[in-house]
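>>> Quick one, structure for this:
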Amino acid sequence: MRIMGLDFGAKTVGVAVSDPLLITAQGVEIIRREKEDKLRKTLARIEELILFYDVKEIVLGMPYNMDDSISERGYKTLEFKEKLMRRSGLKVVLWDERLTTFEAELLMAETGVKKGKQKKYVDMIAAMVILQEYMESLN
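Below you'll find the predicted structure:
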């Protein structure tokens, strides 16, 4: 069994998957979108990845505000969750993603990724952080 982690943004979706033993999260790709409200191609690509990796569950980063209220992006994430559940038929768990982008940037800095190149990978690394935190919570 594998779990997929998603970092859903306005223009990109970072994708990570677990190893079959649910120990580590690996970055897979960043799905780039032409328009924020167009999700057909994005959902189709996620479906392809679900089949390829034999994913059985999805963890979707949920952007809360620091005061625990749901952000504007959070409402779009809830809509995306519903579409994702309908299309994939899988359980989709929401996971608090506050500060995951910051954590992803720190991880990249620690591993020597230059500041200019971090933007290219940050969404995929954030998806890895979301998924890794979720898997650790299962133990």
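>>> Ile58 is in contact with Leu90, isn't it?
Yes. Taking contacts as C-beta atoms under 8 Å, Ile58 lies within contact range of Leu90: 5.5 Å. All C-beta spots, glycine's among them, are computed from the backbone N, C-alpha and C.
>>> so what sits against both of the two?
Contact criterion C-beta atoms under 8 Å, 6 or more residues apart in numbering; residues bridging Ile58 and Leu90 by contacting each: 50, 84.
>>> quick one: which of these two has more around it?
Neighbours per residue (other C-beta atoms under 10 Å) separate Ile58 from Leu90, with Ile58 holding more: 21 against 16.
>>> For the more buried one, what are phi and psi?
Per-residue torsions, Ile58: phi -130, psi 140 (degrees, to the nearest 10).
>>> ok, now Glu29?
In terms of degrees, to the nearest 10, the main-chain angles of Glu29 are phi -170, psi 170.
>>> Repeat that for Leu131.
According to degrees, to the nearest 10, Leu131 has phi -70, psi -40.
>>> any idea how far it lies from Tyr75?
23 Å (C-beta to C-beta, to the nearest Å).
>>> Counting neighbours, go ahead and name the busier of those two.
Neighbours around Leu131 and Tyr75, counted as other C-beta under 10 Å, are more numerous at Leu131. The numbers are 30 against 11.
>>> Going by secondary structure, the closest residue to that one other than its chain neighbours is in what exactly?
Excluding the flanking residues, the one nearest Leu131 by C-beta to C-beta, 6 or more residues apart in numbering is Gly5, at 2.8 Å. Using DSSP states H and E, Gly5 maps to strand 2-8.
>>> What strands flank that strand, and is each parallel or antiparallel?
Its sheet considered, strand 2-8 pairs with strand 12-18 (antiparallel), strand 55-62 (parallel) by DSSP bridges.
>>> CA atoms only for the very next helix or strand once past the last one, dumped as CSV, please.
By that I understand strand 55-62. Where DSSP H and E defines the elements, the next helix or strand beyond strand 55-62 is helix 72-88. C-alpha atoms of helix 72-88 as CSV (Å, rounded to 0.1, in the frame of the first residue of the first chain):
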residue,chain,number,x,y,z
GLU,A,72,-9.4,31.5,1.4
ARG,A,73,-7.1,28.9,-0.2
GLY,A,74,-8.5,26.5,2.3
TYR,A,75,-12.0,26.7,0.8
LYS,A,76,-10.6,26.0,-2.6
THR,A,77,-8.7,23.0,-1.1
LEU,A,78,-12.0,21.7,0.3
GLU,A,79,-13.6,21.9,-3.2
PHE,A,80,-10.5,20.2,-4.6
LYS,A,81,-10.8,17.4,-2.0
GLU,A,82,-14.4,16.7,-3.0
LYS,A,83,-13.5,16.5,-6.7
LEU,A,84,-10.5,14.3,-5.9
MET,A,85,-12.6,11.9,-3.8
ARG,A,86,-15.3,11.6,-6.5
ARG,A,87,-12.8,11.1,-9.3
SER,A,88,-10.4,8.7,-7.5
